[in-house]
Structures are given as C-alpha cells and as structure tokens.
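Q: Sequence first, then the predicted structure, then my questions.
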Amino acid sequence: MMKYKADLTAINWLEIGEQPVIKGGLFRVANALPDVFEAYIALLPAIGLIEGFPFDQISLKDNSIAQTNQNAAIWGEYGIHDAHRTPDYKPTVFRELANQFKLPFDVTLLSRLDWGKRGFAIDWTRTANSLKALLNALATGNDLSLYIEDYWRWAEIHEILPTTDEVLYEVNAEDFLGFMTQSFFDATLYLFPEDRSWCLVNIEDCNVMIIGTDRATAAMIAKTYSLETIDLLYESPM
C-alpha cells in the first residue's frame, strides 16, 4: 500500500491551477508545469503495428453493408475482435507511423492517427516497463512524491487508492506504475523527487506524458531509454 501524508505544502511549487486554460484554447505545457525547467519533453507510449495491414481497405465512414462486411472480414483475418486470437502487433515507433500516413511528427500526431482501423495499437505493458526503467534511473533509489489531482475519481469510483482524502503519496517506481496501470494511464498526476530536479505529469485524456527537467537529463532520456520522445516548448500544446 502506498504511504501518504496530509501535508500538501510540498506541491506548492507546482502552481497547480494557476495557469487556467482560456476558453476555447489549447491545453499547453504551461497549464501543467511551472516555468522552472530548462527542458520539457513528451514521453510517447510504446506502439505496435500489424505488418501489411490494409488500411486503405477499411472505412469507418462508409456504413454500407458491403463496407461493414469488408471491415469485419479484414479484422477477422488479422485476429482483431477475436477472443481466441491476439493480433500480431510488431513494435514500431510513432515517427514511422507519421511517415507512413504523411502526418507531422509532433504531439498532435496521436490525435490525428486513425486508431479505429485497428491496424496499430498502444502496447501498455511495454510502455510500463520502459517507464519503470526510466523512473528507477531518475529516482536513484529514493522515494518519489506523487500528487493525484483527480484523486476523488480513483478513490470514490474506482476504489484503487488507500484513502479518499486529498494527500501526497510517497512511492517508488513500482508503486507508481502499479497505480498508472490500474488507472488506465488516465489519471491527472504529478511525480517528482525531493530536490525537484524533474517532474513527470500525466493529464486525463492527454495522449502523452510530459517531463520537465534540465537539458542534460532530457538529452539522456531521449538517447538512452526506449520511450520515444518529442521536444517541447513551454507554450507547446499537449
């Protein structure tokens, strides 16, 4: 069980909610993190692609019987929506998908991709393993502070938190990934060490995680770990 304390003064530096989203505006890095880091990067989830999948033969807009039957036949051929088969998603990267579908490689890519065709999918197990390796390296054996902004959702509705109160958790990488998995990688939360040298942010319904840190650590993350990254500016959309 994750340890916790009621004292929330340790999160004051994050200035949560002090940069509200303007009505009709985009949610930006500035709305999630304070302007105290040298670098901000997006951490993309691991992705898999079915090799040779006929994307051009699938249509989700054509509701004709013929197209519906064709969609079902293709999905059946590749084991999609089949309780007895697992689709053969081979590891790939979002940069390759951007090239394949002629889309810009930026944080808008995940919302532009046609997930409904089922030819590619996020590999959450591989994502969690890569994130765990990164956090173990960043934490250097020390516990981390975890603040879950939408705690009420996970405590009251899903009942996966040890308390229904607003608290600050003390966690290691394994604790954190356990919660992330249980919360479908969809909780709004902040994870950071005691020295505040970095902060990982996950936002509900956001397609990527964001980490703020120094330039050297950002370069190390991009070069060393299997998580695909995108460099961001403080005013970049999330």
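A: Received it, and whenever you're ready, just let me know what you need. What you see is a predicted model; the values in this text were computed from it and never measured. Residues are numbered from 1 along each chain as shown.
Q: what about stretch 165-184, start to end distance?
A: Using CA to CA, to the nearest Å, the end-to-end distance of stretch 165-184 comes to 21 Å.
Q: oh, and call the first residue 77 from now on, that's how I've got it
A: Got it, the first residue is 77 from now on, which makes the last one we talked about stretch 241-260.
Q: Let me see the mean pLDDT of that stretch.
A: Across stretch 241-260, pLDDT averages out at 96.
Q: Pretty sure Arg161 sits in a helix.
A: No: applying DSSP: H, G, I helix; E, B strand; the rest coil, one finds Arg161 to be coil, outside a helix.
Q: Not counting its neighbours along the chain, what's nearest it?
A: Gly155 (3.4 Å; CB to CB, 6 or more residues apart in numbering). For the C-beta atoms, the positions are set from N, CA and C on the backbone; glycine is no exception.
Q: swap in Leu186?
A: With sequence-adjacent residues excluded and distances taken as CB to CB, 6+ apart, Leu186 is closest to Asn283, at 3.7 Å.
Q: Go ahead and confirm that neighbour touches Ser187.
A: Yes: taking CB atoms under 8 Å as the definition, Asn283 is a contact partner of Ser187 at 6.0 Å.
Q: So which of these two has more stuff around it?
A: The neighbour count for Asn283 versus Ser187, taken as other CB atoms under 10 Å, is higher for Asn283 (16 against 9).
Q: Please report how far the more buried one lies from Pro313.
A: Distance of Asn283 to Pro313, given as CB to CB, to the nearest Å: 11 Å.
Q: shared neighbours of these two, anything?
A: Val183 (CB atoms under 8 Å, 6 or more residues apart in numbering).
Q: Show me the contact partners of the helix of greatest length in the chain.
A: Using DSSP state H, we find that the single longest helix of the chain is helix 200-215. For helix 200-215, contacts defined as CB under 8 Å, 6+ apart pick out 119, 121-122, 167, 220, 248-250, 252-253, 256-257, 261, 267, 269, 274, 276, 285, 293, 297, 300-303.
Q: Would you mind pulling up the elements that whichever helix or strand comes after it packs against?
A: Note on helix 200-215: by DSSP states H and E, the next helix or strand toward the C-terminus is strand 220-224. Judged by 3 or more CB pairs under 8 Å, 6 or more residues apart in numbering; DSSP states H and E, the packing partners of strand 220-224 are strand 244-247, helix 249-258, strand 265-268.
Q: Okay then, goodbye and thanks.
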